[in-house]
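Asker: Got a sequence here, can you model it:
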Amino acid sequence: MEKKKSFVLYADLADTVHKLSDEDAGKLLKMIFSHANGEDIETDNLLLDIVFSPIKAQMDRDAEKWLKTREARSEAGKKGGRPPKQKKAKALFCLPDKAKEKQNLTKKAVNVNVNGNVNGNVNGNVKDNTLVDLAEPKSTDGEILEVEVLRPQEKAGVPCPYTCIVESFNATCRCLQGCRIATPTRKQALRRAWAFFEYDMVAINKFFETVNESDFLCGRRKGSNWKCSFDWIFKMNNIVKIIEGNYTNK
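Answerer: Numbering: from 1, shown residues only. Down below sits the predicted model:
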C-alpha cells in the first residue's frame, strides 16, 4: 500500500469494534496502522483476520483513488493547471461587395449579437448589445464586423440589431428612400422581421438584395413611378410576397 500521511476509518465499523474485547480491539488498531504504513500483517487470530479483511480492502480502495487523484493533479500542473473557461466563438465578416462599392467603406470593428451558424455577410453598428435609437443618423463607415456567435438555445434572447438592419438596407437598396429614424412603429416591424428571419442577418441581407434586384420594387419599370419604401417591405404580407418571388424580374 502506498505510504501517505492519513487514511479514512469509517464510523460504521464502530459496532464491530465494540463487540471485540479491549485486547483484540487494540490489536486491530495496531494492524490498521501497520497496513497504513505499508508493513506486512500476520496474525494467528482468526477473529481479527476476519474483522480486518474488509477494513484492509477499503483502505486499499481509498489509497488507489488517492493515487489517481494525485496523478491527475500532477499532470494538470504540468500543463499549467486548470484549463481556462471557454470563450464564446468569434468570427470576422466583411460587408457585402455591393455595399463596399457604393459607399467606399473603410475598416472599423463593431460588435453585434447574431445567432448560431453565421457564414455570410453582415454589417451595422450596434454597441454593447444595446438598442440604438436612430434619432441622429449614423453613417456606415466600417468594413469589418466582429460577430459574437451565440449558441442555438440563446437565439430567442438575441436583441434586434435595429441599426445593423437599417444600415444594411441603406447600403444595399440605394435606389430607394433611405431610413433615417427608428420610430417605435418601425422598431416593432423590425422585431417581427428579426424573428421571422430566425435572428439571421445573413438572411436579411439576402432579402435586401432580392428587393434591390427587382425592377418593379425599385421603380425601374417603364411607365411606372411607384417604388417601395422601407416601411412597405417590412410589412409581413409583403415580406412573404418578396420571398416567394412575386416581384422577381421575369
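Asker: Could you list the low-pLDDT ranges of this structure?
Answerer: Within the chain, the segments meeting pLDDT under 70 span 1-4, 81-157, 250.
Asker: hmm, try it at 90
Answerer: Per-residue confidence for the chain (pLDDT under 90) gives these ranges: 1-25, 27-159, 182, 221-225, 249-250.
Asker: Helices of that one, residue ranges please.
Answerer: 14-18, 22-36, 46-78, 97-103, 162-172, 184-196, 201-213, 230-233, 236-243 (DSSP state H).
Asker: now the ones you listed in a markdown table, with mean neighbour count and distance to Arg220?
Answerer: Every residue, glycine included, has its C-beta placed from N, CA and C. Supplementary listing: the helices of the chain in a markdown table, determined by neighbours: other C-beta atoms under 10 Å; distance: least, C-beta to C-beta, whole Å:
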| stretch | mean neighbour count | distance to Arg220 |
| --- | --- | --- |
| helix 14-18 | 11 | 94 |
| helix 22-36 | 15 | 91 |
| helix 46-78 | 13 | 66 |
| helix 97-103 | 15 | 16 |
| helix 162-172 | 24 | 15 |
| helix 184-196 | 16 | 24 |
| helix 201-213 | 20 | 10 |
| helix 230-233 | 17 | 16 |
| helix 236-243 | 14 | 16 |
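Asker: need those in TSV with distance to Lys222, can you?
Answerer: Formatted as TSV, the helices of the chain follow (distance: least, C-beta to C-beta, whole Å):
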stretch	distance to Lys222
helix 14-18	101
helix 22-36	99
helix 46-78	74
helix 97-103	24
helix 162-172	24
helix 184-196	31
helix 201-213	17
helix 230-233	21
helix 236-243	21
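Asker: Quick check: which of these is nearest to Val8?
Answerer: For Val8, the closest of those is helix 46-78, at 5.5 Å, according to C-beta to C-beta.
Asker: Packing partners of that closest one?
Answerer: helix 22-36 (3 or more C-beta pairs under 8 Å, 6 or more residues apart in numbering; DSSP states H and E).
Asker: Just the C-alpha atoms of the helix it packs on, please, in CSV.
Answerer: Extracted C-alpha coordinates of helix 22-36, given in CSV (Å, rounded to 0.1, in the frame of the first residue of the first chain):
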residue,chain,number,x,y,z
ASP,A,22,-10.3,-4.4,24.6
GLU,A,23,-7.3,-6.5,23.9
ASP,A,24,-8.4,-7.6,20.4
ALA,A,25,-9.6,-4.0,19.7
GLY,A,26,-6.1,-2.7,20.5
LYS,A,27,-4.5,-5.3,18.3
LEU,A,28,-6.9,-4.4,15.4
LEU,A,29,-5.9,-0.8,15.7
LYS,A,30,-2.2,-1.7,15.5
MET,A,31,-2.9,-3.8,12.4
ILE,A,32,-4.7,-0.9,10.8
PHE,A,33,-1.8,1.5,11.4
SER,A,34,0.7,-1.1,10.3
HIS,A,35,-1.1,-1.6,7.0
ALA,A,36,-1.4,2.2,6.5
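Asker: neighbouring contacts of it?
Answerer: The contact list for helix 22-36 (C-beta atoms under 8 Å, 6 or more residues apart in numbering) reads 1, 4, 7, 9, 17, 20, 40-41, 43, 45, 47-48, 51-52, 55-56, 59.
Asker: cutoff 7 Å now
Answerer: Under the criterion C-beta atoms under 7 Å, 6 or more residues apart in numbering, residues 1, 7, 9, 17, 20, 41, 43, 47-48, 51-52, 55-56, 59 lie in contact with helix 22-36.
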